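K.L.:
the amino acid sequence is not available; the structure is as follows:
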């Protein structure tokens, strides 16, 4: 996720569990590049209850831009100001997804760039960001459930192909 985040012009990412599914409980609730200082403030001020990105991702599946979010509460503006002090931008892209077992997860890519630059960046990268978010959610769910991948599950040709994809400039 870090490489996808920085490679597509964003500064931070967060993968977070919005609700547990029927068949699994996630021991980890999020994976993020955000600073420990910001996370401490985020949870101590209970921002998870007023964060407009979390609120929107909790309501529906799909992609959205942070700039599409409308709010009129002073607490939300305070949240964004605190986020900006910690170099967490108020612009970004989020993909929310409900899995077949009912678990809802989301991936957000954040930037401190202005809204116009972010919209252009997302116009160029939205398809890739959505695909990466879905893959990250799938991986997170597998790893959180205790799934163990054995080396002999992939052939040498498959491993070479994956390596080529991971290191290719295209």
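P.N.:
In hand now; what should we look at? Every value quoted in this text rests on a predicted model; they were computed, and no experiment measured them. Numbers count the residues shown, from 1 in each chain.
K.L.:
in stretch 92-103, what counts as buried?
P.N.:
Using 16 or more other Cβ atoms under 10 Å as the test for burial, stretch 92-103 gives 92, 93, 94, 95, 96, 97, 103. Using the backbone N, CA and C atoms, a C-beta is placed for each residue, glycine as well.
K.L.:
low-confidence ranges in this structure?
P.N.:
23-25, 145-152, 170 (pLDDT under 70).
K.L.:
what about the strands in it?
P.N.:
12-19, 30-32, 62-65, 91-98, 104-111 (DSSP state E).
K.L.:
what's opposite the residue nearest to residue 60 when sequence neighbours are not counted in the beta bridge?
P.N.:
Nearest residue to residue 60 in three dimensions, chain neighbours excluded: residue 96, at 6.8 Å (Cβ to Cβ, 6 or more residues apart in numbering). In this entry, residue 96 is beta-bridged to residue 62, residue 106, by DSSP bridges.
K.L.:
residue 96 contacts residue 104, correct?
P.N.:
Yes - using Cβ atoms under 8 Å, residue 96 is in contact with residue 104, at 6.7 Å.
K.L.:
overlap of the contact sets of the two?
P.N.:
18, 57, 58, 61 (Cβ atoms under 8 Å, 6 or more residues apart in numbering).
K.L.:
residues touching the last one, list them.
P.N.:
Contacts for residue 61 (Cβ under 8 Å, 6+ apart) come out as 96, 97, 98, 104.
K.L.:
so how far is residue 154 from residue 56?
P.N.:
37 Å (Cβ to Cβ, to the nearest Å).
K.L.:
more neighbours, the two?
P.N.:
residue 56 (19 against 13; other Cβ atoms under 10 Å).
K.L.:
so that one touches residue 62, yeah?
P.N.:
No - using Cβ under 8 Å, residue 56 is not in contact with residue 62, being 9.7 Å away.
K.L.:
what's the closest of the contacts of residue 61 to residue 132?
P.N.:
residue 97 (12.2 Å; Cβ to Cβ).
K.L.:
where do the helices of the chain begin and end?
P.N.:
Assigned by DSSP state H, the chain shows helices spanning 2-7, 36-44, 52-59, 74-85, 115-144, 156-167.
K.L.:
which other residues reach the fourth one?
P.N.:
What that stands for is helix 74-85. By Cβ under 8 Å, 6+ apart, the residues outside helix 74-85 that reach it are 38, 41, 45, 47, 50, 51, 52, 71, 89, 90, 112.
K.L.:
how about a cut-off of 10 Å?
P.N.:
12, 34, 37-38, 41-42, 45-47, 49-53, 55, 66, 69-71, 73, 88-90, 110, 112 (Cβ atoms under 10 Å, 6 or more residues apart in numbering).
K.L.:
please pick the buried ones from those residues.
P.N.:
The buried subset of these - by 16+ other Cβ under 10 Å - is 12, 34, 38, 42, 47, 51-53, 66, 69, 88-90, 110, 112.
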